[in-house]
Every structure is written in C-alpha cells, then in structure tokens.
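Novice: fold the following.
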Amino acid sequence: MKIKIYTLIIFFTPFISFAQTTANYQRALQILEKSISATSTHIPDSLFIKSKGVIHNLGHYEVPGKTKDIPYEETDVFFTKEQSGYMRSTIVNNGYTFVELAVSKQDSVYKKGFYQNKLLKDKNTDFAFELARKVPAKLLQLAWLSRISLRYLGEDKSYAWISFGSKPVTLFINKKTKLLDRTEYLGYDNTYGDVVFATEYKGYFDQNGIKMPASRMDYEYGKAEREVTYEAFRSNIKPDTADLKMTLVPEYFKRKMAQRIETRDSLVFEKVAVNISLIKIVSQNNKMLVAEFPDNIALFETPSGIELNENIIAQLKKRFPGKPLKYLFVTHHHPDHAGGLRAYAALPLTVVTTAGNQAYFEANMKKSHTMSNVLIDNTQKFRFDFVPLNGEKKFMGKVIAYEIGKSTEHTNEHLVYYFPDSKILWTGDLLNFRSGGRVSSAGQRGKAVYDLITSKNLTIDRIYTSWPLQGQKEFGTMEELRKMIEVK
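Specialist: Predicted coordinates for the structure are as follows:
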C-alpha cells in the first residue's frame, strides 16, 4: 500500500520497432478491441463490485520480509454518465477496523488512507486507473478511452502485450481466450528501488454479459500483496444509494457526484418556417438547417465532428420519426460546412455538392476515425449529385441550388439554396448581418449573393447564414443586403 510512480515497461524484440506509428497503433487497437469484445457485450452505466480477502501486510515485524495476513474487504463503484467513482476498503488489524476511502468526480478526488481521520481533496491523477484495475472490463474500457496512447509491445506463444496511458501500463492479453490475464507497471520505492507492480485475474465466469474474474491477486515489490475473491456484482445503482458509506464526504461533493455530465454538443432546434428549422450549435458558433418534406427530410451543412453529427442524426430520428434523411446539401468544402460528412457515409442518402469536391470528399471518407468516441461504419452508401458550375438544379420541386463560387472570391465552387415556398435563401458564410445594427460592406461575397438574387429575380423575405452564430442577427433581409452593397 505505497504511493506508486508509473513508468514504462518495454519488451524488446530484435529488429522490430514499436514506436508510435499508425501501423503500431492499429495493431494494438485490434488486440484491444478483440479483448473488449471477448470480455463484455455491454457494460452498464453503473457497476457495484464487492470483494473480500486478505492483505499480506509487509509491516514492522521481528524479521525482514515477514508479512501478516490481515482481513480485507473492498467496495468499488463506477458511475459512467456522472463521471464519478467510489472506492472503499476496510481492514481489521489487532481488533480495530480501519477504512480507506476515495470518491471522485471528473478530475477531483476526496480520499483518506487507512490511518487518516479525514478526507483530503486531491487531483484525479491515478484514481481512474486504480478503480478500473479492479474490474478487467472497466480497465479495457479505460484503455480504449485512452487509445491515443496505445502501443503494441510484442507477443509470445501465450500473450500479446500492449500498453496505454501517460504513465504506461502493460496489458497481458491471453492469445487463446482474448481475456486480460495480467497488468504490469514499473514503479520506484525509496527502499526497494525499481520495482514492478502487477495484478493477475483468475477464473473468469459470465456475469450478466460481462466476463468477471473469480479472484484477483495484486503484487507489490515482486510479492503477493493482496488476494481477493469477488462476492457481489450489481448494476444500474445510483450515486446516492445507501450502500455507499460517505459520511465523511462533503455534502456539496455528494451532490456533484450524482449529477450527470453532458458530453454532447448542445443543440437548439428553432422553427423558422412551416417545414424548416435551424439547428444552432453553440460550441461551434455555427448553424445547420433541416427541411421536412412529405416522405423525408433534408439537412443543410455538416460541420466538423463525428460525435456532433452522430448526435444530430439521433436527434433527427427522434424529431422526424418515419422520415429518413434523404439529402445532405453542403455549400462548400470548408470543414465548418462539410467537415462532418464522414458521419453520414453509411446512410443511403444523396450528397449535393459540386464536382470539384468529389475527390476531396472521397479521400476523407477513407480516413480512419478510431480515436473518435463513436464507432464509425466504414462502408460508403451515399452517392453524389452535382450542381453544374454557374448553373442551377431543382430538388424535390421544393429547393433550388445555385452555383456562384467564382464570383464570391471565397471558394471556386459554392452553392446557395433557395426555398421558393418560404422565400428563404441559405447562403453558408457569404454574409454577416451584425446583431448590433452596424452595417458593414458586403464585399465580393455579398455582392455575389445580391447579383444572384437580382439576376434570377428571386423573391426573398429572409436570408439565413450558417456561420457565424454569435454576434449575428437571426436572419437578414433584402433591404439590409442592399445597404451592405452600397457601403464601400
């Protein structure tokens, strides 16, 4: 029960380099994902694990190296959506009970040792690992969340070795079962010098779809330090459950522990016409537009972010049940307008763009996104539909795309979209209608829009932009655009 300092364990194999390359990372990720699949079909949002055993206490005894077996119990609880954790251990020594306790919320921890009387606040440095180490499925999950640090280290007949973390931990993945059998990390002790800390898992069995070990053995300084047998396993409990003994935990921290953390971008849907809504994305200072038709829906723009766009897809399914996403219209190739295209690759929809973007978009479709926090389908089902340069094209009889790229001096190819029924024009980032009322020059971008409207004799009530969101009026009018054109 010492403070650990983690350093890297490296297994050397002649003539093979295990530097962090894409190939090395992909090999490690493949091993990790197979182990995750073998270990659990689904991990509940909350897990309650109880175990009992002994600590082989290396204390101040009459001869060097002597240990004393002390009864030991531990309770470990994971709250994924709240990003909270709980570890409580008790020992009974010489007739007295001592408690070690640690509770966490994101990057904050309150903890006390066996022989301390009060909790002390600390940074969440090694807590996440120490808690996850108690349950192989959670440790593999932590490795996946930290996969940017994954390394493939080597293998022998029995194990494949991978490591992860800024203070690297080596995972021994059984090549036959694909299960995690052992972990190791190096540490330093003032007395014992460079030492290995390890954990071994034995006797895996199925527990509600999760492979749980029957027992766990922890090693310190090369010797067995504690042995525990798992006795209780529960899921979907709440942070305020009576099972968690948190008398010493400050009330404000208990409340924080129970609060769920929203990791998704906040999306605000705002109806602007009978069948048209804006989607405001505060985190990206950006907007999208969704149009509803009798049998389907269409989305305009797709800003960068796989998770953001997966969230948008999920929200569209909830808000428009039974109506598939049929069209994805983009104005131009810049990331804040088309950077999220990858999230839609597996959907059988049509992407409306210009021919000059095809090679660029298709190259992006081939990029791997394994470090995203969502799983991406690598198939590409959507097809392209191109609007000719300096031309126009009508879709579903409800929206007209006009290509005006060259005249904008912004991008060589650029589309704007007109809704005749609503008299709405969607322009991407060609205009800025300032919320403070100040009228600035429309520049060549704005002039290109104005020239389109006047040359095509379009009836416009409202002009919407996708960027920016902040400092921008909800929409602009033709009268405002005229004034901007007049400013030199």
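
Novice: please name the nearest non-neighbouring residue to Asp451.
Specialist: Nearest residue to Asp451 in three dimensions, chain neighbours excluded: Ser407, at 6.7 Å (CB to CB, 6 or more residues apart in numbering). To be clear about C-beta, it is placed using only N, CA and C from the backbone, and glycine gets the same treatment.

Novice: the one you found in helix, strand or coil?
Specialist: Following DSSP: H, G, I helix; E, B strand; the rest coil, Ser407 is assigned to helix.

Novice: which ones are touching it?
Specialist: Contact partners of Ser407, counting by CB atoms under 8 Å, 6 or more residues apart in numbering, are 444, 447-448, 451.

Novice: separation between it and Phe48?
Specialist: Using CB to CB, to the nearest Å, we find Ser407 at a distance of 64 Å from Phe48.

Novice: next: Thr331.
Specialist: Distance of Thr331 to Phe48, computed by CB to CB: 50 Å.

Novice: go on, Leu179?
Specialist: 22 Å.

Novice: what do you get for Lys211?
Specialist: Lys211 is 17 Å from Phe48, by CB to CB.

Novice: which of the three states applies to the residue of the chain positioned farthest from its centre?
Specialist: In the chain, counting by CA atoms, centre = their mean, Glu62 sits farthest out from the average C-alpha position, at 52.8 Å. Here Glu62 is coil, with the state taken from three-state DSSP.

Novice: higher neighbour count, Thr331 and Phe48?
Specialist: Neighbours of Thr331 and Phe48, each counted by other CB atoms under 10 Å, are more numerous for Thr331; the result is 29 against 20.

Novice: what residues are up against the more buried one?
Specialist: Thr331 sits next to 300-301, 337, 414-417, 426-429, 466 when contact means CB under 8 Å, 6+ apart.

Novice: in strands, which of the residues you listed fall?
Specialist: Among the contacts of Thr331, the members falling in strands (DSSP state E) are 300, 415-417, 426.

Novice: and Asn174, how many neighbours does it have?
Specialist: 17.

Novice: look up how far Phe205 lies from Lys393.
Specialist: From Lys393 to Phe205 the distance is 61 Å (CB to CB).

Novice: who has more neighbours out of those two?
Specialist: Neighbour count, other CB under 10 Å: between Lys393 and Phe205, Lys393 has more, with 15 against 10.

Novice: phi first, then psi, for the more buried one.
Specialist: Lys393 adopts backbone torsions of phi -150, psi 140, taken as degrees, to the nearest 10.

Novice: just the one 3 residues further on next, same as before
Specialist: As for Met396, its main-chain torsions (degrees, to the nearest 10) stand at phi 60, psi 10.

Novice: circling back: which one of the contacts of Ser407 is nearest Ala363?
Specialist: Ala448 (27.8 Å; CB to CB).

Novice: residues in contact with the closest one?
Specialist: 404, 407-409, 414, 430.

Novice: so for the helix or strand encompassing it, what gets flagged as buried?
Specialist: Assigned by DSSP states H and E, Ala448 belongs to helix 443-455. By 16 or more other CB atoms under 10 Å, the buried positions in helix 443-455 come out as 443, 445-450, 452-453.

Novice: ends of stretch 333-352, what's the gap?
Specialist: 11 Å (CA to CA, to the nearest Å).

Novice: that stretch - what's its average pLDDT?
Specialist: What stretch 333-352 shows for mean pLDDT is 96.

Novice: so how far is it off the chain centroid?
Specialist: The chain centre lies 19 Å from the centre of stretch 333-352; the measure is CA atoms, centre = their mean, to the nearest Å.

Novice: likewise stretch 395-402?
Specialist: How far stretch 395-402 lies from its chain's middle: 36 Å, per CA atoms, centre = their mean.

Novice: cool, stretch 371-379 as well?
Specialist: 11 Å.

Novice: for stretch 37-45, same thing?
Specialist: 17 Å.

Novice: rounded mean pLDDT for that stretch, please.
Specialist: Mean per-residue pLDDT for stretch 37-45: 92.

Novice: repeat for stretch 110-127
Specialist: Averaging pLDDT along stretch 110-127 gives 88.

Novice: quick check: buried residues in it?
Specialist: The neighbour-count check on stretch 110-127 (16+ other CB under 10 Å) flags 110-111, 114, 119, 124, 126-127 as buried.
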